[in-house]
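Trainee: coords below, sequence missing:
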């Protein structure tokens, strides 16, 4: 009996210290940037799952490629080369490139058409599964009936995917009043293989103040902890939840040099990066190339770090804040983490911390025999 107890303790320790999922997103639009990033450059990330962002749909339920010439001729073939015996290749449907209105229309009227087309698409291009990223049922132009319709859709899609041995991932909102109206947690627990919670950018309205990218804790606003706790309170299976962390930095232009604490009023987003060209956002390799002279401030309450210089205010993950989130996932027996996205991370070691440092840190931390990174 003593030997059995000791064995169980050892087994428990091993399961707590070993990794589960390290999912890595790749946005195919990165191939069109001035300095492009191709799927052939993603191998060093060494993720357990790679997710290709680049698929939408028409109002008739047909699959719509967002970058068709590149996807079919270059993107998909190069992406398939990432496959190994311990890696799965997924494709994401929706995200920021698809409207809630389109999802609502199809799922509410012709769900079987979309389900059949998805099965054919996964088989044709040899993907191991689909990530459904509807932002979000019953909001942003959706209908009140979306929650029930999406529940039925997931059940039918799961049945179809079982026939061809494919995975089903559902990406969800971190905000309680949004996800309560959007998803049936029992259905997600029973039929999804993984549930990815976007644990960053918690502001749903137009931003008027400098805001932390992803506070782990907070006294008076949404945080990673409050979001994951809210999801767990729905009795969802914890080991299916992956915390999605952002690799990009959020940037703001302040109204005043003297008012530069979190919550300070802003004039608008910060300047766009030279390569990504998206105002208010910087890739890690863009941020580290221009952060000289910035003052770094660590917020012990939220477990975040922000950077200030004149009227520029930047919130970004650091190695320390990422480790705290990875620790949180392990301590709460979650399924793992997802890195959003590889193309916003440092793919070429421009910053001197290695290639894809957010992923490397996750792998080092999750797959070690200790919680010391």
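Mentor: Perfect, I can see it now. Note that the coordinates shown come from a computational prediction; the quantities given were computed from them, not determined experimentally.
Trainee: give me the distance from the helix or strand hosting residue 92 to the chain's centre.
Mentor: Taking DSSP states H and E as the criterion, residue 92 maps to strand 88-94. Here the centre of strand 88-94 is set off from its chain's centre by 12 Å, with CA atoms, centre = their mean, to the nearest Å.
Trainee: now do stretch 298-313
Mentor: 22 Å.
Trainee: who does the strand holding residue 92 pair up with?
Mentor: Its sheet considered, strand 88-94 pairs with strand 49-57 (parallel), strand 129-133 (parallel) by DSSP bridges.
Trainee: now do the same end-to-end measure for stretch 344-357.
Mentor: Using CA to CA, to the nearest Å, the end-to-end distance of stretch 344-357 comes out at 11 Å.
Trainee: how about stretch 192-203?
Mentor: First-to-last residue span, stretch 192-203, CA to CA: 26 Å.
Trainee: picking up where we left off before, distance to residue 349 and mean pLDDT added to the strands paired with strand 88-94, as CSV?
Mentor: Quick note: C-beta positions are derived from backbone N, CA and C, even for glycine. Shown next, in CSV, are the strands paired with strand 88-94 (distance: least, CB to CB, whole Å; pLDDT from 0 to 100):
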stretch, distance to residue 349, mean pLDDT
strand 49-57, 20, 96
strand 129-133, 28, 98
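Trainee: now the angle from the helix or strand just after the strand holding residue 92 to strand 88-94?
Mentor: Later in the chain than strand 88-94, the nearest helix or strand by DSSP H and E is helix 100-109. With axes from the mean of the first three to the mean of the last three CA atoms, to 10 degrees defining the directions, helix 100-109 sits at 100 degrees from strand 88-94.
Trainee: tell me the buried residues in helix 100-109?
Mentor: 100, 102, 103, 104, 105, 106, 107, 108 (16 or more other CB atoms under 10 Å).
Trainee: do stretch 126-133 as well
Mentor: For stretch 126-133, by 16+ other CB under 10 Å, it's 127, 128, 129, 130, 131, 132, 133.
Trainee: neighbouring contacts of it?
Mentor: Residues outside stretch 126-133 that contact it (CB atoms under 8 Å, 6 or more residues apart in numbering): 51-52, 80, 83, 88-95, 98, 118, 121-122, 154, 157, 161, 166-171, 193, 196.
Trainee: filter those residues to the buried ones?
Mentor: 51-52, 88-95, 98, 118, 121-122, 154, 157, 161, 166-171, 193, 196.
Trainee: hey, what's the most centrally placed residue in the chain bridged with?
Mentor: With distances taken as CA atoms, centre = their mean, residue 244 lies nearest the centre of the chain, 3.7 Å away. Residue 244 has these beta-bridge partners by DSSP bridges: residue 198, residue 338.
Trainee: residue 305 contacts residue 299, doesn't it?
Mentor: Yes. If you go by CB atoms under 8 Å, residue 305 and residue 299 touch, sitting 7.2 Å apart.
Trainee: could you check how far the residue nearest to the centre of the chain is from residue 199?
Mentor: For residue 244, the distance to residue 199 (CB to CB, to the nearest Å) stands at 6 Å.
Trainee: likewise residue 150?
Mentor: Where residue 199 is concerned, residue 150 sits at a distance of 21 Å (CB to CB).
Trainee: before we move on, back to that, who's in contact with the residue nearest to the centre of the chain?
Mentor: When contacts are counted by CB under 8 Å, 6+ apart, residue 244 touches 171, 196, 197, 198, 199, 200, 337, 338, 339, 340.
Trainee: any chance of the strands paired with strand 88-94 in TSV, plus distance to residue 68?
Mentor: Conversion of these to TSV gives the following (distance: least, CB to CB, whole Å):
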stretch	distance to residue 68
strand 49-57	9
strand 129-133	18
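Trainee: count of neighbours near residue 367?
Mentor: As a burial measure, residue 367 scores 11 neighbours (other CB atoms under 10 Å).
Trainee: pLDDT value on it, please?
Mentor: On the pLDDT scale, residue 367 is placed at 83.
Trainee: contacting residues for residue 338?
Mentor: The contact partners of residue 338, by CB under 8 Å, 6+ apart, come to 21, 22, 23, 24, 25, 51, 196, 242, 243, 244, 245.
Trainee: how about these in a markdown table, adding distance to residue 271?
Mentor: As requested, these are arranged in a markdown table below (distance: CB to CB, whole Å):
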| residue | distance to residue 271 |
| --- | --- |
| 21 | 35 |
| 22 | 32 |
| 23 | 31 |
| 24 | 27 |
| 25 | 25 |
| 51 | 29 |
| 196 | 30 |
| 242 | 32 |
| 243 | 29 |
| 244 | 26 |
| 245 | 24 |
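Trainee: neighbour-wise, which one of those leads?
Mentor: residue 51 (31 neighbours).
Trainee: isn't that residue right up against residue 91?
Mentor: Yes. With contact defined as CB under 8 Å, residue 51 counts as touching residue 91 (7.0 Å).
Trainee: where in this structure is pLDDT low?
Mentor: For the chain, applying pLDDT under 70 flags the ranges 1-19, 204, 369-373.
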